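> Sequence first, predicted model second:
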Amino acid sequence: MNNTIPAKTRSAAVMASVLAMALQSAAASESVASTTPAKTTTHTTHGTGVSETLTARQQAIVPIAAFAAVGDLPKLNDALNQGLDAGLTVNDNKEILSQLYAYAGFPRSLNALSELMKVVQARKQRGLTDEVGQEPSQTIPTGKALLEAGTANQTKLSGAPVKGALFEFAPAVDEYLKTHLFGDIFERDNLDWRDRELATVAMLSAMSGVEPQLQAHIRISTNVGLTADQLQQLVQVLADRVDDASSQRAQEALKSHLSSRS
């Protein structure tokens with residue numbers, strides 16, 4: 001495998017931690033306090049209507065993301081099969097497991113994608129034909145245009161421009177976040193932002209020691225249109241299909257978020 005990684009992806013492990021700190025800083029600022037969270041109407045390839053319950057397809061995202069994040073490949077195998085049966089496409093799964101690297105690192109992401117390859121091949125041998133799914137419908141911008149697109153996406157997700165002392169201290173990380181995580185990844189519109197946040201919350205719930213990042217993404221989830229009832233359902237899916245510890249972490253983060261809103 002080619003071990004040469006583009007410079008802008010080298011700080012993937014740093015991105016998630018920095019993102020949470022930045023979002024918490026933004027939430028404390030007056031600009032966030034006076035800004036109604038932006039709910040994007042783009043990147044919603046599976047419909048723009050907001051239901052009070054998660055679909056079977058959306059529920060299937062949760063165990064896939066959680067088991068991939070902790071590297072439990074046997075359980076991920078089962079979850080991938082269930083997800084494909086529930087309506088997730090092959091490309092939906094690719095997007096979830098590729099995005100995983102920004103939160104759990106390249107090793108977990110690569111291992112999970114390898115497991116997906118095995119699952120798809122085994123299903124073909126059993127005579128099952130899975131829908132490949134969509135590719136991104138637009139060309140990802142580059143250079144200055146990518147920075148602008150990523151900055152706009154970051155602002156929509158967080159509800160206000162994200163800035164602070166940390167980015168003045170480490171401006172390179174600010175650029176990585178804007179151009180890569182929010183640009184290269186979130187510009188890919190073949191998985192909508194609600195699904196990406198469902199996956200991210202499930203990933204962070206499955207991992208211990210990342211509670212600040214989980215709290216930040218619970219808030220982002222509501223900014224992109226997921227309801228409190230849907231997030232409570234995510235908590236229940238974690239309890240039913242993953243484990244109690246993951247469910248408890250998600251429950252505590254959701255409770256804290258709802259308390260802060262009231």
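Yep, that arrived.

> Select the longest helix from this protein.
helix 106-125 (DSSP state H).

> which element follows that helix toward the C-terminus?
Heading C-terminal from helix 106-125, the first helix or strand you meet, by DSSP states H and E, is helix 143-158.

> in that next one, what's buried?
146-147, 149-158 (16 or more other Cβ atoms under 10 Å). In this view, the C-beta of every residue, glycine as well, is placed from N, C-alpha and C.

> Just the mean pLDDT for it, thanks.
Mean pLDDT, helix 143-158: 96.

> Same question for stretch 161-175.
On average, stretch 161-175 scores 93.

> and what of stretch 67-83?
If you average the pLDDT values across stretch 67-83, you get 98.

> Go through it and flag the buried ones.
By 16+ other Cβ under 10 Å, the buried positions in stretch 67-83 come out as 67-73, 75-77, 79-83.

> any idea how far the residue nearest to Ala86 when sequence neighbours are not counted lies from Gly133?
In this structure, Ala86 finds its nearest non-sequential neighbour in Ala60, 4.1 Å apart by Cβ to Cβ, 6 or more residues apart in numbering. Taking Cβ to Cβ, to the nearest Å as the measure, Ala60 falls 14 Å from Gly133.

> Assess the claim that Leu204 and Val210 are in contact.
Yes: counting by Cβ atoms under 8 Å, Val210 is a contact partner of Leu204 at 5.2 Å.

> Please say which of the two ends up with more neighbours.
Leu204 (29 against 21; other Cβ atoms under 10 Å).

> Which strand or helix spans that one?
helix 193-206.

> before we move on, what about Gln248?
Counting by DSSP H and E, Gln248 is found in helix 244-261.

> What helices and strands are in contact with that helix?
With contacts defined as 3 or more Cβ pairs under 8 Å, 6 or more residues apart in numbering; DSSP states H and E, helix 244-261 has these neighbours: helix 193-206, helix 211-223, helix 228-241.
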